[in-house]
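S.K.: build me a model from this:
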Amino acid sequence: MRASHARPVEPEPAVVRAAPGSVVPVRREELDVTVLPPDYQRIMHVLADRERADEGSAI
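M.R.: Residues are numbered from 1 along each chain as shown. I've put the predicted structure just below:
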């Protein structure tokens, strides 16, 4: 067997920055989460689930 001199693969960072030119929506109490793009809807659901699970304030 030959020894491999390959470098270890580094994992990508878990946090990815917003794409240049992307717009972060402004929060308004009267709007329903369904008006947000799907990615933002998922974020809102994760935050709401965390608060419901008594894991403290999500924000």
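S.K.: what about the strand or helix carrying residue 47, average pLDDT?
M.R.: If you go by DSSP states H and E, residue 47 is part of helix 38-52. Across helix 38-52, pLDDT averages out at 87.
S.K.: can I get it as CSV, trimmed to CA atoms?
M.R.: Backbone C-alpha positions of helix 38-52 (Å, rounded to 0.1, in the frame of the first residue of the first chain) are rendered in CSV as follows:
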residue,chain,number,x,y,z
PRO,A,38,-39.1,30.2,1.8
ASP,A,39,-35.6,30.5,3.4
TYR,A,40,-36.9,33.3,5.8
GLN,A,41,-40.0,31.3,6.6
ARG,A,42,-37.8,28.4,7.7
ILE,A,43,-35.8,30.7,9.9
MET,A,44,-38.9,32.1,11.5
HIS,A,45,-40.3,28.6,12.2
VAL,A,46,-37.0,27.5,13.8
LEU,A,47,-37.1,30.6,16.1
ALA,A,48,-40.7,30.1,17.0
ASP,A,49,-40.1,26.4,17.8
ARG,A,50,-37.3,27.3,20.0
GLU,A,51,-39.4,29.8,22.0
ARG,A,52,-42.2,27.2,22.3
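S.K.: how about that helix: buried residues?
M.R.: Going by neighbour count (16 or more other C-beta atoms under 10 Å), nothing in helix 38-52 comes out as buried. Where you see a C-beta, it was placed from the backbone N, CA and C, and this is true even at glycine.
S.K.: and residue 9, helix, strand or coil?
M.R.: Counting by DSSP: H, G, I helix; E, B strand; the rest coil, the backbone at residue 9 sits in coil.
S.K.: got the phi and psi for it?
M.R.: phi -80, psi 130 (degrees, to the nearest 10).
S.K.: count of residues packed around it?
M.R.: 6 (other C-beta atoms under 10 Å).
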